[in-house]
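Undergrad: okay, sequence plus prediction incoming.
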Number of protein chains: 4
Amino acid sequence: MDFNLKDARPIWQQLAEEMTTSIVTGEFPPGSRFPSVRDLAVQAGVNPNTMQRSLARLEETGLLITERTAGRSVTTDEAAIQAMRQQLAESKLKEYLEEMKKLGFSAEEAALLTASYGKETT
Amino acid sequence: MDFNLKDARPIWQQLAEEMTTSIVTGEFPPGSRFPSVRDLAVQAGVNPNTMQRSLARLEETGLLITERTAGRSVTTDEAAIQAMRQQLAESKLKEYLEEMKKLGFSAEEAALLTASYGKETT
Amino acid sequence: MDFNLKDARPIWQQLAEEMTTSIVTGEFPPGSRFPSVRDLAVQAGVNPNTMQRSLARLEETGLLITERTAGRSVTTDEAAIQAMRQQLAESKLKEYLEEMKKLGFSAEEAALLTASYGKETT
Amino acid sequence: MDFNLKDARPIWQQLAEEMTTSIVTGEFPPGSRFPSVRDLAVQAGVNPNTMQRSLARLEETGLLITERTAGRSVTTDEAAIQAMRQQLAESKLKEYLEEMKKLGFSAEEAALLTASYGKETT
DNA sequence: GTGGTCTAGACCACA
DNA sequence: GTGGTCTAGACCACG
């Protein structure tokens, strides 16, 4: 038995992922204005530097565009946004399959279970 | 946008889940002897009290049986173990579907994605 | 006439470039140990955080590998190092041609001048 | 490894170089009137004293002629202007070769690279 | 001792 | 007001 506690990813990564989700789900439409670093920091209850780091991450991935003196806005490249959505989905899927595997379920069994659940609730 | 940082579940819960997994996957077969609180606590690097709480949880769920003077052993009720395995799997599944839903995927789409991934890698 | 003063790139970028040069020129051979963040910070006279940022950049580019508790070392991927060397060289070249262009020299004229200088000094 | 940060040349030097470039490229033709110190200072957003120093530099190099009561004008000595253009070009070239040398490229290799780039883009 | 993260607070350039 | 950078100092996990 192995004990690997603490998922504890850095705050800035968690923030980056949440904001990424907000963008790919359309909460912040392509081209729309994004809140200021300071506002977001206050809202999340973190230091502005931490939030800055998260936003820098979103810029690296191409989801946010920054205009130095005029704040940030969501990219207008909808293809990039959709690509990120797929990427996130696959990431979640792999994570799910990984945990199912630990429980002794093969990928096929996991898929069957997922499908059957879909039928139940539809 | 809502920021819900720091999921950080209590340590004893994480430990309980890991030990539960170890049992349902057969690492500790039905009826087998379970390590002592002290040994487990040392191995996990936590306070014995914390480990005690985790084990109490496993007893509540019926996976572990306490024999007053002779330590603990895994239940011989294999049906209960399998039921727990199913329960864990469904829990993971719901968690997965929940996150996919946040990304705008329906249960059906999630199931399709899962199935297609299984084909790719098989 | 246009006045665009101050090249003033951020310190961490300048540091990153200098360290990159040190690696591609072989001052730090592939696989060799790299100084600690704190030592480098003291040596450069900057805050450890600033140096950390520079090193993070070198990791992103794949030149440095970090082993959490054992410090950093130069990548053993010599191809990556050579690729970076070419990239830096092209960057310098473009910068040079850009400035020559401002002086009214075409790329061909700049090339001729470079070639003639090479003959003089050889 | 040696860290030589902050090149930050004095502002008046940067200004002098930019104005020199403007003259050798013909933006200010030989014999033409040159703007007043005050105008230039305002345009560059610097103190008139700073701009004064820059202009003094241009006079030392012979590019600008001061007519006591009538302001400054560009020299009519076109040979001097061309000589300055060559001098600037060689300066840029030497700077370029110096940096390439730091990357481990010989003057010949640098020349070849420059020539090949010219062919690609022409 | 190592790298990594976070906070608090400051300064700068831009418009 | 905006984003960006930098410093100073703290804490943590790891071995």
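TA: Sure thing, it's come through. Residues are numbered from 1 along each chain as shown, chains lettered A, B, ... in the order given.

Undergrad: drop to CA atoms for contacts and neighbour counts, all remaining ones
TA: Will do.

Undergrad: what packs against the host helix or strand of residue A:117?
TA: If you go by DSSP states H and E, residue A:117 is part of helix A:107-121. With contacts defined as 3 or more C-alpha pairs under 8 Å, 6 or more residues apart in numbering or on different chains; DSSP states H and E, the packing partners of helix A:107-121 are helix A:78-102, helix B:107-121.

Undergrad: ok, 10 Å please
TA: Of the remaining helices and strands, those touching helix A:107-121 by 3 or more C-alpha pairs under 10 Å, 6 or more residues apart in numbering or on different chains; DSSP states H and E are helix A:78-102, helix B:78-102, helix B:107-121.

Undergrad: which one of those helices lies nearest to residue B:29?
TA: Of all those, it is helix B:78-102 that lies closest to residue B:29, at 9.3 Å by C-alpha to C-alpha.

Undergrad: could you check how far the helix holding residue A:117 is from the centre of its chain?
TA: Centroid separation for helix A:107-121 versus its chain: 24 Å, with C-alpha atoms, centre = their mean, to the nearest Å.

Undergrad: let me see the mean pLDDT of that helix.
TA: For helix A:107-121, the mean pLDDT works out to 81.

Undergrad: in it, what's buried?
TA: Judged by neighbour count using 16 or more other C-alpha atoms under 10 Å in any protein chain shown, the buried positions of helix A:107-121 are A:107, A:108, A:109, A:110, A:111, A:113, A:114, A:115, A:117, A:118.

Undergrad: cool, and stretch A:91-108?
TA: Buried positions in stretch A:91-108, judged by neighbour count with 16+ other C-alpha under 10 Å: A:92, A:93, A:96, A:97, A:99, A:100, A:101, A:103, A:104, A:105, A:107, A:108.

Undergrad: hmm, residue A:12 is touching residue A:20, no?
TA: No: applying C-alpha atoms under 10 Å as the test, residue A:12 and residue A:20 come out as separate, 12.0 Å apart.

Undergrad: the more surrounded of these two?
TA: Set residue A:12 next to residue A:20 and count neighbours by other C-alpha atoms under 10 Å in any protein chain shown: residue A:20 wins out with 24 against 20.

Undergrad: the more buried one contacts residue A:63, doesn't it?
TA: Yes: counting by C-alpha under 10 Å, residue A:20 touches residue A:63, with 7.7 Å between them.

Undergrad: who in chain A is up against chain D?
TA: Within chain A, no position lies close to chain D (C-alpha under 10 Å from any C-alpha of the partner chain).

Undergrad: sorry, back to before: out of the buried residues of helix A:107-121, which is nearest to chain D?
TA: residue A:107 (50.2 Å; C-alpha to the nearest C-alpha).

Undergrad: that closest one contacts residue B:115, correct?
TA: Yes: using C-alpha under 10 Å as the test, residue A:107 is close enough to residue B:115 to be in contact (8.2 Å).

Undergrad: before we move on, back to that, common neighbours of residue A:12 and residue A:20, please.
TA: Residues within reach of residue A:12 and of residue A:20 at once, by C-alpha atoms under 10 Å, 6 or more residues apart in numbering or on different chains, are A:54, A:55, A:57.

Undergrad: so which of these comes closest to DNA strand E?
TA: Nearest to DNA strand E among these, counting by C-alpha to the nearest atom of the strand, is residue A:54 at 8.4 Å.

Undergrad: pLDDT wise, what is the closest one at?
TA: Residue A:54 carries a pLDDT value of 95.

Undergrad: can you count the residues close to it?
TA: When neighbours are counted by other C-alpha under 10 Å, residue A:54 registers 22.

Undergrad: which residues does the helix holding residue A:117 contact?
TA: Applying C-alpha under 10 Å, 6+ apart, the contact partners of helix A:107-121 are A:94, A:96-98, A:100-101, A:104-106, B:89-90, B:93-94, B:96-97, B:106-119, B:121-122.

Undergrad: repeat that with 8 Å
TA: With contacts defined as C-alpha atoms under 8 Å, 6 or more residues apart in numbering or on different chains, helix A:107-121 is touched by A:97, A:100, A:101, B:93, B:107, B:108, B:110, B:111, B:112, B:114, B:115, B:118.

Undergrad: then stretch A:28-39?
TA: A:22-23, A:48, A:51-52, A:55, A:71-78.

Undergrad: can you check stretch A:64-75 too?
TA: Applying C-alpha under 8 Å, 6+ apart, the external contacts of stretch A:64-75 come out as A:23, A:28-36, A:55, A:58-59, A:62-63.

Undergrad: and chain A, which residues reach DNA strand F?
TA: Contact residues (C-alpha under 7 Å from any atom of the strand) of chain A with DNA strand F: A:34-39, A:49, A:52, A:55-56, A:66-72.

Undergrad: mind listing which of the residues you listed are in helices?
TA: Using DSSP state H, A:37, A:38, A:39, A:49, A:52, A:55, A:56 are the members of the residues of chain A next to DNA strand F that sit in helices.

Undergrad: which two from the residues you listed end up farthest apart in space?
TA: Farthest-apart pair in those is A:39 and A:56; separation 15.5 Å (C-alpha to C-alpha).

Undergrad: look at these two and report which has more neighbours.
TA: Using other C-alpha under 10 Å, the more surrounded residue of residue A:39 and residue A:56 is residue A:56, with 17 against 12.

Undergrad: how far away is residue A:49 from DNA strand E?
TA: 5 Å (C-alpha to the nearest atom of the strand, to the nearest Å).
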